[in-house]
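Enquirer: coords please:
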Amino acid sequence: MIAKKRKLNKRQRKLAEDSLQFVKPSIATFVKRNPDLRASIARVDLYSVASQAVCMAAFTYDPKKSKATTYFGSAIRHALYREVLNQQKQDGRYITTDRIIDPVPNNSRTRQEMRALRALRLLSIYDRALLEDRLIEQVTLEQLGEEQAIDPRTVSKRVRAAIDKLRSVETDLP
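Expert: Sure thing, here's the model as predicted:
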């Protein structure tokens, strides 16, 4: 599907230029948090993908609803995940689900917390990213829908499905 070409107005262009400061830290965090994706990441031009994500997010950004760092950071992260997934599809490989969420074991964690961390590792990378955005970073359904170019009700269904998957995986753990 060919994307519709749109031009940024002056305010949006200025916002996009100012928001380019979020690109390098977002890329560094993405690479650091996804060590299992290094092979696919190496074949993707992360800076170009992130810059395009900033420009697209400038169209829909509303300063009344969220902070720029949150909005543009999550837009960059989602664009990078999508691009890496497309690269892996082209490579014929699949995303591994054994990415380390908490590499340093912590003895102060309760048994329930450890079960939850193990259950999170078993979810797909996209379900984890969606749950992180919605539940931890508290990005609204409307913002997630705008980022993914889908209806907020669809995002809500995906969030509920990811939570249901998490619950079923957690109950299946020993």
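
Enquirer: Residue nearest the middle of the protein, spatially speaking?
Expert: Centroid-nearest residue in the chain: residue 78, 3.8 Å away (criterion: CA atoms, centre = their mean).

Enquirer: show me what contacts that one?
Expert: By CB atoms under 8 Å, 6 or more residues apart in numbering, residue 78 lies in contact with 53, 129, 133, 147-148. In short, each C-beta sits where N, CA and C put it, glycine included.

Enquirer: Switch those over to JSON lines; also include neighbour count, secondary structure and distance to residue 66.
Expert: Shown next, in JSON lines, are the contacts of residue 78 (neighbours: other CB atoms under 10 Å; DSSP: H, G, I helix; E, B strand; the rest coil; distance: CB to CB, whole Å):
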{"residue": "53", "neighbour count": "26", "secondary structure": "helix", "distance to residue 66": "15"}
{"residue": "129", "neighbour count": "18", "secondary structure": "helix", "distance to residue 66": "17"}
{"residue": "133", "neighbour count": "22", "secondary structure": "helix", "distance to residue 66": "11"}
{"residue": "147", "neighbour count": "22", "secondary structure": "helix", "distance to residue 66": "11"}
{"residue": "148", "neighbour count": "16", "secondary structure": "helix", "distance to residue 66": "15"}
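
Enquirer: Can you tell me which of the residues you listed is nearest residue 19?
Expert: Proximity of the contacts of residue 78 to residue 19 (CB to CB) peaks at residue 53, which lies at 9.8 Å.

Enquirer: list the contacts for the closest one?
Expert: Shown in contact with residue 53 (CB under 8 Å, 6+ apart): 72, 75-76, 78-80.

Enquirer: Report the two members of the residues you listed separated by the largest distance.
Expert: Distance extremes for these: the farthest pair is 72 and 80 at 12.5 Å, using CB to CB.

Enquirer: what residues are shared contacts of those two?
Expert: Contacts common to residue 72 and residue 80, judged by CB under 8 Å, 6+ apart, are 26, 53.

Enquirer: Cross the contacts of residue 53 against helices and list the overlap.
Expert: Among the contacts of residue 53, DSSP state H puts 72, 75-76, 78-80 in helices.

Enquirer: From what I see, residue 120 and residue 129 are in contact.
Expert: No: Residue 120 sits out of contact with residue 129 when judged by CB atoms under 8 Å, with a separation of 11.2 Å.

Enquirer: For this structure, which segments count as helices?
Expert: Using DSSP H, the helices of the chain run over 10-19, 23-33, 38-42, 46-60, 68-91, 111-122, 125-131, 141-148, 152-172.
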